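Peer 1: Sequence below, structure please.
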Amino acid sequence: MTYFIEPVAFVKNNRKEILDDHWGSIISTIELAENIDESSLKGIEEFSHLEIIFYFNKVEDNKIQYEARHPRNNPDFPLVGIFAQRGKNRPNKLGVTIVKLIEVKNRQLLVEGLDAIDGTPIIDIKPVMNEFLPKEKVKQPNWSTILMENYWE
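Peer 2: From the prediction side, this is the model:
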């Protein structure tokens, strides 16, 4: 079965290349696609954070991972499946990040902490609501904490 999804917006920022770390200082503009009405953003300024679903359009098909691998190809990390990590070389090339909403201006959202490069297609934008966050403490393995040490720096 094949699905067709059109972007609702695109990323504009100064990050041009795919890099694994140092996303914390990146400020991005998310600009609605021409076919999306500006009123789709009405009321979004009431939220402090947004969940952004985007498409890793620069990942080459021959780089997609379908099996277990060492995260970032680091043999010091355990061999884990692609669905046990958040790498960009995923079967459907989808990324998801929670960002801080700084400003809404007409057809644009100014956000902080979006780990997507300039030109990245946005698939969906959702407000973050406490009721959708985990109720219990989040558990994760130590290797993932080490991997993320410089990600938001």
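Peer 1: any chance you could map the strands in this protein?
Peer 2: Secondary structure of the chain (DSSP state E): strands at 9-12, 27-32, 49-55, 94-105, 108-112, 121-127.
Peer 1: tell me which residues in the shortest one are buried?
Peer 2: Of the residues in strand 9-12, those buried under the neighbour-count criterion (16 or more other CB atoms under 10 Å) are 9-11. Placement of C-beta: from N, CA and C, glycine included.
Peer 1: next one: the fourth one
Peer 2: Burial within strand 94-105, assessed by neighbour count using 16+ other CB under 10 Å, is assigned to 95, 97, 99, 101, 104.
Peer 1: Name the nearest of those residues relative to residue 31.
Peer 2: Checking the buried residues of strand 94-105 against residue 31 with CB to CB, the nearest one is residue 104 at 11.8 Å.
Peer 1: show me what contacts the closest one?
Peer 2: Residues counted as contacts of residue 104 (CB atoms under 8 Å, 6 or more residues apart in numbering) are 41, 44-45, 110.
Peer 1: Most neighbours of all the residues you listed, which one?
Peer 2: Counting by other CB atoms under 10 Å, residue 41 has the largest number of neighbours within the contacts of residue 104, with 19 neighbours.
Peer 1: Read off the pLDDT value for it.
Peer 2: On pLDDT, residue 41 comes in at 98.
Peer 1: Quick check: it touching residue 103?
Peer 2: No: in this structure residue 41 lies outside contact range of residue 103 using CB atoms under 8 Å: 11.4 Å.
Peer 1: shared neighbours of these two, which are they?
Peer 2: Residues touching both residue 41 and residue 103 (CB under 8 Å, 6+ apart): residue 109.
Peer 1: Stretch 127-137 spans what distance, first to last residue?
Peer 2: End-to-end distance of stretch 127-137: 21 Å, with CA to CA, to the nearest Å as the criterion.
Peer 1: whoops, stretch 84-92 was the one
Peer 2: 15 Å.
Peer 1: Remind me what the least confident helix or strand in the chain by mean pLDDT packs against, helices and strands.
Peer 2: Across the helices and strands of the chain, mean confidence by mean pLDDT, DSSP states H and E is lowest for helix 142-147: a mean of 89. Contact here means 3 or more CB pairs under 8 Å, 6 or more residues apart in numbering; DSSP states H and E; on that basis helix 142-147 packs against no helix or strand.
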